[in-house]
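Trainee: only geometry, no sequence info:
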């Protein structure tokens, strides 16, 4: 700072704020949970406020039923990095809310993207090896599955995606070749 006349010292108190949260930070985890909730037809991500502290996720907001409240908590638990879930959602007195209107119909490309994200974010499924094709809400999946449980889980996860009207699961549990890690187990 010698180049600026009259300046003897500089006390730099500037801090740099990152525009995007770092991976596995509390903010990143809350965004990931909220994103996961958006893909499920039986929960209302817009009515759910998500906060995270040291891997503990808190859910607040309104659910249309006790089942929706519990399901929101279960979906949050499935997100990688979540250590615990504190579900403080309240159940709305008016339970007649319909979540999908004719103006909210979801296109096939969005359905496919949501399915891939759901499979990618779930520990027990492989989005990479699963082929997904959606036409007018009818989803066909194929590819190898580790076992019948994974095949069933894929069907369940896809069925819960907004816009899906039917699932045709052509995954083959017999076609799966075990990875080196699975051979060790």
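Mentor: That came through, no problem. From a predicted model like this one, the values you see are computed outputs, not experimental measurements.

Trainee: what number of residues lie near the residue lying closest to residue 163 once chain neighbours are set aside?
Mentor: Nearest residue to residue 163, sequence neighbours excluded (CB to CB, 6 or more residues apart in numbering): residue 106, at 3.2 Å. Heads up, the C-betas are built off the backbone N, CA and C, glycines and all. Using other CB atoms under 10 Å, residue 106 has 17 neighbouring residues.

Trainee: what ranges does this protein have for its strands?
Mentor: 48-53, 56-63, 84-87, 90-91, 131-135, 138-144, 166-172 (DSSP state E).

Trainee: any chance of these in a markdown table with mean pLDDT and mean neighbour count as columns?
Mentor: Listed next are these as a markdown table, based on pLDDT from 0 to 100; neighbours: other CB atoms under 10 Å:
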| stretch | mean pLDDT | mean neighbour count |
| --- | --- | --- |
| strand 48-53 | 94 | 18 |
| strand 56-63 | 94 | 19 |
| strand 84-87 | 95 | 16 |
| strand 90-91 | 92 | 12 |
| strand 131-135 | 92 | 15 |
| strand 138-144 | 93 | 18 |
| strand 166-172 | 93 | 15 |
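
Trainee: domains of the protein?
Mentor: Taking automatic domain parsing as the criterion, the chain consists of the domains 26-91, 102-179.

Trainee: show me what contacts the residue nearest to residue 163?
Mentor: Residue 106 is in contact with 114, 137, 162, 163, counting by CB atoms under 8 Å, 6 or more residues apart in numbering.

Trainee: same question for residue 120.
Mentor: Contacts for residue 120 (CB under 8 Å, 6+ apart) come out as residue 127.

Trainee: and it, how far is that from residue 85?
Mentor: 20 Å (CB to CB, to the nearest Å).

Trainee: measure the most centrally placed residue in the chain to residue 43 for me?
Mentor: Residue closest to the average C-alpha location in the chain (CA atoms, centre = their mean): residue 36, at 1.8 Å. Using CB to CB, we find residue 36 at a distance of 10 Å from residue 43.

Trainee: per-residue pLDDT, residue 3?
Mentor: We have a pLDDT of 65 for residue 3.

Trainee: same question but for residue 97, I mixed them up
Mentor: pLDDT for residue 97: 47.
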